[in-house]
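A.B. asks: The sequence isn't on hand, but the structure is:
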């Protein structure tokens, strides 16, 4: 039985909001002259704190106990989220950004496959076709895959895609359980893992600390919280498809802040991704109106 239209609409809105929040990463990164691990450490501290505050607002102070005792499912979600976050940084260092972006665009297919194997959740042809269209759009946006890329960076990118896809399916599997505490825990774990590699951690000043706080609170905390809440209301493949909006939205924020006009191929790719997501959402809505 499908979800009520209001719940599905809320899920779509939340995952779109998550994609918008995640897409601001290049904007914040441009403002910070530190090594990636230092950024990841401070971003995780602020994001974990922000999500913990949201958790208290939504569920009361007693919900903080979930950070200490998240349960097996919560710990699994937190661990998968942490793996995804800490794999992303070295992947960008070891291979081209475009290679990482293209592999991330395969996530809807991976999530749909895992959901079918684990939950028996059949992927809809419309979503799969839209995912293929979005994948093509991402390839065009980032300029195509470069040959001879470092195998280590590609392997870490694949690990990240697998971890985030599995996290999406676990959230869907336990959709009656809030995973907001797991989102907070994953950021604290990410900071802990990053600490030994953070060379510039003692050189972060006042202005940079404020930017890192906004980075953690707006890009990570809101993005991850929205995704945790929204993806449990949608089929795994559709949630991952909507999340691909992050890639074409990235150049938008850079254009707004730094007046860097996106290349024509980036605009074409962005139109394909956005069109694919809109087509899937509209097609789903029309199908539900007929039933």
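C.D. replies: Received it, and whenever you're ready, just let me know what you need. Keep in mind the model is a prediction, meaning the values are calculated, not measured. Numbering: from 1, shown residues only.

A.B. asks: For the rest of this, base every contact and every neighbour count on C-alpha atoms.
C.D. replies: OK.

A.B. asks: number of nearby residues for residue 195?
C.D. replies: Applying other CA atoms under 10 Å, we find 15 residues neighbouring residue 195.

A.B. asks: tell me the SS of residue 33?
C.D. replies: Classification of residue 33 using DSSP: H, G, I helix; E, B strand; the rest coil returns coil.

A.B. asks: quick one: buried residues of the lowest-mean-pLDDT helix or strand in the chain?
C.D. replies: Across the helices and strands of the chain, mean confidence by mean pLDDT, DSSP states H and E is lowest for helix 97-104: a mean of 76. Going by neighbour count (16 or more other CA atoms under 10 Å), the buried part of helix 97-104 is 98-104.

A.B. asks: so what does the one helix or strand residue 188 maps to touch, helix or strand wise?
C.D. replies: Secondary structure assigned from DSSP states H and E places residue 188 in helix 180-194. Helices and strands touching helix 180-194, by 3 or more CA pairs under 8 Å, 6 or more residues apart in numbering; DSSP states H and E, are helix 36-59, helix 65-68, helix 71-94, helix 223-231.

A.B. asks: list the buried ones in the shortest one?
C.D. replies: Applying a neighbour-count criterion of 16+ other CA under 10 Å, the buried positions in helix 65-68 are 66-67.

A.B. asks: One more: the third one?
C.D. replies: Neighbour-count burial for helix 71-94, with 16+ other CA under 10 Å as criterion, is recorded at 73-92, 94.

A.B. asks: Ok, the first one next?
C.D. replies: Using 16+ other CA under 10 Å as the burial criterion, the residues of helix 36-59 that qualify are 36-52, 54-55.

A.B. asks: just the last one next, same as before
C.D. replies: Neighbour-count burial for helix 223-231, with 16+ other CA under 10 Å as criterion, is recorded at 223-231.

A.B. asks: ok, and what's touching that helix?
C.D. replies: The list of residues contacting helix 223-231 from outside it, by CA atoms under 8 Å, 6 or more residues apart in numbering, reads 10-15, 17-22, 51, 168, 171-172, 178-180, 183, 239.

A.B. asks: mind redoing it with 7 Å?
C.D. replies: Here helix 223-231 makes contact (CA atoms under 7 Å, 6 or more residues apart in numbering) with 11-12, 14-15, 17-19, 21-22, 168, 171-172, 179-180, 183, 239.

A.B. asks: can you check the second one too?
C.D. replies: For helix 65-68, the surrounding residues in contact (CA under 7 Å, 6+ apart) are 181, 185.

A.B. asks: burial of residue 269, as a residue count?
C.D. replies: Using other CA under 10 Å, residue 269 has 24 other residues around it.

A.B. asks: Is it in a helix, a strand, or coil?
C.D. replies: The three-state label given to residue 269 by three-state DSSP is helix.

A.B. asks: which non-adjacent residue is nearest it?
C.D. replies: residue 137 (3.9 Å; CA to CA, 6 or more residues apart in numbering).

A.B. asks: residues contacting the one you found?
C.D. replies: By CA under 7 Å, 6+ apart, the contact list for residue 137 reads 269-270, 272-273.

A.B. asks: got it, and residue 216?
C.D. replies: Counting by CA under 7 Å, 6+ apart, residue 216 makes contact with 43-44, 46-47.

A.B. asks: at 10 Å what do you get?
C.D. replies: 25, 28, 39-51, 187, 210, 222-223 (CA atoms under 10 Å, 6 or more residues apart in numbering).

A.B. asks: what pLDDT does the closest residue to residue 245 other than its chain neighbours get?
C.D. replies: Spatial nearest neighbour of residue 245, excluding adjacent residues (CA to CA, 6+ apart): residue 19 at 5.8 Å. At residue 19, the model reports a pLDDT of 94.

A.B. asks: now do residue 134
C.D. replies: pLDDT, residue 134: 88.

A.B. asks: since we're on the residue lying closest to it once chain neighbours are set aside, how many residues are nearby?
C.D. replies: Closest residue to residue 134 apart from its sequence neighbours, by CA to CA, 6+ apart: residue 273 at 4.2 Å. Other residues within reach of residue 273, judged by other CA under 10 Å, total 32.

A.B. asks: Check the gap between residue 273 and residue 285 for me.
C.D. replies: Distance, residue 273 to residue 285, by CA to CA, to the nearest Å: 19 Å.

A.B. asks: How far does the least confident helix or strand of the chain sit from its chain's centre?
C.D. replies: 13 Å (CA atoms, centre = their mean, to the nearest Å).

A.B. asks: could the helices and strands packed on helix 180-194 be laid out in TSV, adding mean pLDDT and distance to residue 133?
C.D. replies: Shown next, in TSV, are the helices and strands packed on helix 180-194 (pLDDT from 0 to 100; distance: least, CA to CA, whole Å):
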stretch	mean pLDDT	distance to residue 133
helix 36-59	93	32
helix 65-68	88	39
helix 71-94	88	24
helix 223-231	93	21
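
A.B. asks: Fine by me, thanks again.
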